[in-house]
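>>> quick check, what structure comes out for this input:
(2 chains)
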Amino acid sequence: MSGALNFRRLGAVARKEFIHVLRDPRALAIAIVLPMIMLMIFGYALTMDLDRVPLAVWDQSRTPQSRELISRFEGSRYFSVGARPGSYAEVEDALARGRTMMALVVPVEFGRRVASGRKVQVQVLTDGSDANTTTLALSYADAIVRGYSQEILVEKARRLTGRPPALPLDLRFRAWFNTDMESRIFIVPGLIAVIMMLITALLTSLTVAREWETGSMEQLISTPLLGSELILGKLAPYFVIGMVDMLLSVLAGRFLFGVPIRGSLALLFGVSAIYLVGALSLGILISTKAKSQLLASQFAFVATFLPAFLLSGFMFDIGNMPTALQAVTYLIPARYFVTFLRGLYLKGTGLAQLWPECLLMVAFGTLMLGLAIRSFKKRLA
Amino acid sequence: MPELAVTLRHLERRFGDFVAVNRISLDVRKGEIFGFLGPNGAGKSTTIRMLCGLLEPTSGQGTVAGYDILTEREEIKRGIGYMSQKFSLYDDLTVEENIDFFSGIYRVPPEKKAGRKAWVLDMAHLQEHRRTRTGLLPGGWKQRLSLGCALLHEPRVLFLDEPTSGVDPLSRRSFWDLIYQLAGEGVTVFVTTHYMEEAEYCDRLALIYRGELVALGTPSEMKGELMADQVLCVSCDRSHEALGVAAAVAGVRDAALFGRDIHLMTEDAAGLAPRLRQSLEAAGFQVDAVERITPSLEDVFVSLIEARDRAEGAQQEFRA
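Numbers count the residues shown, from 1 in each chain, chains lettered A, B, ... in the order given. All right, here's what the predicted structure looks like:
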């Protein structure tokens, strides 16, 4: 009764939507500029690497031994030795004002005791506000101090026995996939998944609601146009924009952040296309339900960005979440795209390993598109 | 196509407790210009939306071009043109792009496309503005373009919901010329309005008030048979002050100002006229003329609606 999908009607809608987008500078800005800004902000700000922690040093000993220890801190890329306080009051002041994150206090007897081979304590004070960074910084400091004491031991043994002793255990580790363990190589692919989800849903969330608001929808539903033709026609231009965004993000990732792509480019864009259809349809679905642009865009933001950001495994490791929350993450399509992109970018894996993620994204896309079409009613009330 | 272009049988639509359209029945003949008249909120748009398949009736039946409004909505949509109250083309598209869009939506056959587009541009006098953004056009021009887009597929029934609201009188006149032309070609036009002078242009009228059909007939039938009251027109000085005096004279059912004259509704114009003149002159007014006039449609509607309100008031008192 309702007739078959007609490509002429679909084409007419798609053409009209292209014109809308091309003539609306704000829509174009959201579509092209916003993803790039987000990529810059998050790409640069969200590094989880610890680098050059400000360290204040109070050397009460002032001996070759204490200077040797301090020079090890100075030589480390993880610390940047700055202030030289002369009292606990000054140490405390520097920590409280945030001028330093950590303070190393070397006691007066340090040089003497080291030279005589006796045990000595070195104090590290830290600003523990940010637990993660503190833990990391402490472990680096611990490694430096241990390294120094080990050397002292080795030196002592060599003097006694005449040759350097063999250490009982020797850990040799190599990081695969992200050899330099740079967090941006890990972050950028996940970030692309989050950005694509937000931008596409945000863009399409406005399109149906706008027509209800301006009244043009009343005209449309008085014509033979089918819901499926309207929805698919509306998707078309945003799909193209989404793919352009994807291309720009990949290029920015490669040339701005220096993130190499180890997997197949064809697979990358093919699966992105599927993910896009799902995200775009989610936006349309929100739009058909909301009937107001403001409500739709706010809802789209909450429904896409927050879960994609927090529950996709992009920011927080899913394995460390409470079990109930872990179960929720299976409903977040960005989770699969994040896994897929990281696999493809970092490990160069393909469909052989990533097919479950791809299949779930196909399912998500189909479901969302189906729901978007079904939820659109050619009715006023 | 049947002789009846549109039929309504006990058509009803409620929104919660509010009855927007209360069991209306009427027929519209093919090729007729049928006016749906009533104050704002009377249920005109709701009725038209049910007929166009945009709104589901709560109960009752109806047909448009022979198709059932309950079960054959998509068939109806192929054969009608609809122009909603609010301007509903796309402001950011040019005149031509809007025409092309609706041409695609209605699947105007390719061999006819260019011809129909030229017809719309010509009809709406927009040939020179085909590349103008629609949002920049004045109201009357937009209206003509909307009408043109609703006519691209040559519908046999045209629904116009207050097509001329907010349009200047000159544009309104030329809009009606178009409607006459279409009716002459056999198109049935179902039009809602609250402009009385527009109602005069219609072949037949339905007056609807608070969701109910109050009267149905040609404009002259309405002014004649349907009008129980007679109308006296009084010309005097200070008519604004005189109105109160005139309304108080026995036998006057209702009094209203019409420009500088006073129109009085009465059952017996001949008997009232001398008494009225007397009362006004006694009160110190200079009366120039008291004459019985043919009621205007506005008189008819005011009279009919007030009769309806009186009847309802009486009913409520009775119930209390």
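>>> in the stretch 201-320 of chain B, where is pLDDT below threshold?
The model of the stretch 201-320 of chain B has pLDDT under 70 over residues B:225-226, B:316-320.
>>> strands along that one, start to end?
Remark: strands assigned in the stretch 201-320 of chain B by DSSP state E, counting those that start in this stretch are B:204-209, B:212-217, B:230-236, B:252-258, B:261-266, B:287-293.
>>> okay, now the sheet partners of the second one, with direction.
Spelled out, it's strand B:212-217. Its sheet considered, strand B:212-217 pairs with strand B:204-209 (antiparallel) by DSSP bridges.
>>> got the strands of the stretch 201-320 of chain B as TSV, with mean neighbour count columns?
The way it works is simple: take the backbone N, C-alpha and C, and place the C-beta from them, glycine included. Output for those, formatted as TSV (neighbours: other CB atoms under 10 Å in any protein chain shown):
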stretch	mean neighbour count
strand B:204-209	22
strand B:212-217	18
strand B:230-236	21
strand B:252-258	16
strand B:261-266	22
strand B:287-293	14
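>>> quick one: which of these is nearest residue B:110?
For the strands of the stretch 201-320 of chain B, the distance to residue B:110 is smallest for strand B:204-209, at 38.5 Å, taking CB to CB.
>>> need the residues of chain A near chain B, please.
A:1-3, A:6, A:8-9, A:11-13, A:15-16, A:19-20, A:23-24, A:214-216, A:218-225, A:378-381 (CB under 8 Å from any CB of the partner chain).
>>> could you give me the PyMOL selection string for whichever of those are buried?
In PyMOL syntax, the buried subset of the residues of chain A next to chain B is picked out as below (16 or more other CB atoms under 10 Å in any protein chain shown):
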select buried, chain A and resi 6+9+12+13+15+16+19+20+214+216+218+219+220+221+222+223+224+225+378+380
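>>> what about the residue of chain B found nearest chain A, neighbour count?
Nearest to chain A, among the residues of chain B, is residue B:104, at 2.7 Å (CB to the nearest CB). By other CB atoms under 10 Å in any protein chain shown, 23 other residues sit near residue B:104.
>>> ok, and the closest non-adjacent residue to it?
Distances taken as CB to CB, 6 or more residues apart in numbering or on different chains place residue A:12 nearest to residue B:104, at 2.7 Å, with adjacent residues excluded.
>>> element containing that neighbour, please.
Element membership of residue A:12, judged by DSSP states H and E, is helix A:7-23.
>>> what is that helix packed up against?
When contacts are defined as 3 or more CB pairs under 8 Å, 6 or more residues apart in numbering or on different chains; DSSP states H and E, helix A:7-23 sits against helix A:25-28, helix A:227-255, helix B:95-105.
>>> and it, how far out from the chain middle?
Mean-position distance between helix A:7-23 and its chain equals 34 Å (CA atoms, centre = their mean, to the nearest Å).
>>> export that helix as CSV, just CAs?
Provided in CSV are the C-alpha atoms of helix A:7-23 (Å, rounded to 0.1, in the frame of the first residue of the first chain):
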residue,chain,number,x,y,z
PHE,A,7,15.0,6.7,-5.8
ARG,A,8,13.8,9.8,-7.5
ARG,A,9,12.1,10.9,-4.3
LEU,A,10,15.1,9.8,-2.2
GLY,A,11,17.4,11.8,-4.6
ALA,A,12,15.3,14.9,-4.3
VAL,A,13,15.6,14.8,-0.5
ALA,A,14,19.4,14.1,-0.7
ARG,A,15,19.9,17.0,-3.1
LYS,A,16,17.9,19.4,-0.9
GLU,A,17,19.8,18.3,2.2
PHE,A,18,23.2,18.9,0.5
ILE,A,19,22.0,22.4,-0.4
HIS,A,20,21.0,23.0,3.3
VAL,A,21,24.4,22.0,4.6
LEU,A,22,26.4,23.9,2.0
ARG,A,23,24.5,27.1,2.6
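>>> just the angle for it relative to helix B:95-105, thanks.
150 degrees (axes from the mean of the first three to the mean of the last three CA atoms, to 10 degrees).
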